[in-house]
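K.L.:
model this:
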Amino acid sequence: MREWFSYLMKLDELQWTVLLIALLALLMLVLPTVLFLVTEWRIRKKRLTEMFSDKALRYYYETFQYVNVSTHFSGQMTPKRKFLTEYHKLDGKENYIFPVLLLLLTASAGVFACSKIVGDWVDDLGRTGQVSEASFVYAQAVAAFCGAYCWVLYDHLEHLRRWDFTAQDVYATAHRLFIAVPIGLALGYVFTDAMSVPGAFLIGAFPTRILRTYSKQLAERFLNIDRTPVEVHSRLLLLQSVGQQHEERFNDLGYLNVTQLAWVNPLELCIRTGYEINFIFEVVSEALMWVYVPTEMEKFRRCGVRSVYEVKCIYDDLNSKHERDRMQAECVCSELQNAMGYASVDTVKYLLWMMAADPHTEFIWMAWQRGDCDETNEALQ
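P.N.:
Numbers count the residues shown, from 1 in each chain. Reported below is the predicted structural model:
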């Protein structure tokens, strides 16, 4: 400690400035994650863990985890307590400790290495009035790391704004900083000498997904690997609720087609993506409907049927004890019959029954039926 204190006392004004900038850069990098865990994480956890009734959670464990609820839950182990325990295992604050430390370690190495390089440049300029030729490569490395730092900081601020931070996002940014310099140096040689340093910075500012694609294409061209480009259209974008950003996040988690989203565990998907649970239910509802009527989705939408949730409403109204509800449901079925060109309305009703009776539809229906919840949400903290 005494040696560190004596070292700090020997620093001049410029060195102190560089040190403070480095410390500020590290603080800014971890601050969004800390703010998320202090504020938004608690709100997200409360919304998800207190949303479901015991009835819905019992059905969830029967459907998605194949649990015999009649024997599994006894004593103080209620479905809500079990779900809260599982939530902490999947997205508890302790899951962020190691990725944050890894990010801090990676960023510290890069920030202080850049600070040391800049300090050496200043010393060289003070002694000789010029910098060494090797500084040209160092400049590219510093520029590449600074570009990656800018992208990582922006990415963290975006996650903080959208409330969709996950531990995997912190791992991904640590990985992005770790590969920043080698990728920046490798791809920087495609620029002229005058543009190599700004080019390395601009390359570092690209998302990892784009850099991976560009690096692969460049390597194939350099190695004369003949690959016929295949234009791939993701079917996830066929869902009304899925945008480009959602599609990329789902793809990163391994969900590459609509069928996977249709049969996914919605609560686990909510935790893994960080998205709001109602949005996840909407995506899964649309995906389930796409599985049954992939080419007729637009016709269903024109009749006011956007997902299996609406299908469940119509099917229940067909069997309602109220005549008005039955008449309205019959009108919708007639509209669907005309839109799809079926010979009989019974075909439409059978199709609606298959979608409404799907176990995933039943769970989404239970989760959104607040009025049927007899149990009160306990404060499980």
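K.L.:
rest of the way, CA atoms for contacts and neighbours
P.N.:
OK.
K.L.:
could you point out which element follows the top helix by length along the chain?
P.N.:
Taking DSSP state H as the criterion, the chain has its longest helix at helix 97-127. Per DSSP states H and E, the first helix or strand lying C-terminal to helix 97-127 is helix 135-162.
K.L.:
Gly304: what secondary structure?
P.N.:
coil (DSSP: H, G, I helix; E, B strand; the rest coil).
K.L.:
from Leu48, how far off is it?
P.N.:
Distance of Gly304 to Leu48, computed by Cα to Cα, to the nearest Å: 28 Å.
K.L.:
among those two, which residue is more densely surrounded?
P.N.:
Between Gly304 and Leu48, Leu48 has the larger neighbour count (other Cα atoms under 10 Å), namely 18 against 13.
K.L.:
which element is the more buried one on?
P.N.:
Leu48 belongs to helix 41-49, assigned by DSSP H and E.
K.L.:
other residues contacting the helix or strand just after that helix?
P.N.:
Sequence-wise, the next helix or strand downstream of helix 41-49 (DSSP H and E) is helix 54-64. The contact list for helix 54-64, computed with Cα atoms under 8 Å, 6 or more residues apart in numbering, reads 67-69, 78-80, 83, 265, 359-360, 363, 366-367, 373, 375.
K.L.:
if we use 6 Å, what do you get?
P.N.:
Identification of contacts with helix 54-64 by Cα atoms under 6 Å, 6 or more residues apart in numbering yields Val67, Pro79, Met366, Ala367.
K.L.:
what do you get for stretch 144-159?
P.N.:
Contacts with stretch 144-159, where a contact means Cα under 6 Å, 6+ apart, come from Leu29, Phe165, Thr173, Ala180, Val181, Gly184, Ala200, Phe201, Gly204, Ala205.
K.L.:
quick one: Ala200 and Pro182 touch, right?
P.N.:
No - using Cα atoms under 6 Å as the test, Ala200 is too far from Pro182 to be in contact (10.2 Å).
K.L.:
between those two, which is the more surrounded one?
P.N.:
Taking neighbours as other Cα under 10 Å, Ala200 and Pro182 compare with Ala200 leading, 31 against 13.
K.L.:
relative to Ser320, how far out is that one?
P.N.:
From Ala200 across to Ser320, the span is 66 Å (Cα to Cα).
K.L.:
can you map out the strands along the stretch 151-300 of the chain?
P.N.:
Assigned strands in the stretch 151-300 of the chain: none (criterion: DSSP state E, counting those that start in this stretch).
K.L.:
give me the below-cutoff pLDDT ranges for it.
P.N.:
Applying pLDDT under 70 to the stretch 151-300 of the chain picks out residues 192, 226-234.
K.L.:
let's go with 90 and repeat that
P.N.:
For the stretch 151-300 of the chain, applying pLDDT under 90 flags the ranges 163, 180-238, 240, 244-245, 248, 251-252, 254, 256, 294-299.
K.L.:
and the residue nearest to Leu48 when sequence neighbours are not counted, how far from Leu237?
P.N.:
Among residues not flanking Leu48 along the chain, Ile277 sits closest, at 6.8 Å (Cα to Cα, 6 or more residues apart in numbering). Look at Ile277 and Leu237: by Cα to Cα, they are 19 Å apart.
K.L.:
tell me the SS of Lys321?
P.N.:
At Lys321 the chain is in coil, as set by three-state DSSP.
K.L.:
for Ile277 and Leu237, indicate the residue with more neighbours.
P.N.:
More crowded of Ile277 and Leu237, by other Cα under 10 Å: Ile277, with 20 against 15.
K.L.:
neighbours of Lys321, how many?
P.N.:
By other Cα under 10 Å, the residues close to Lys321 number 10.
K.L.:
need the contact list for it.
P.N.:
Contacts of Lys321 by Cα under 6 Å, 6+ apart: none found.
K.L.:
got the phi/psi numbers for it?
P.N.:
Backbone geometry at Lys321, expressed as degrees, to the nearest 10, gives phi -80, psi -10.
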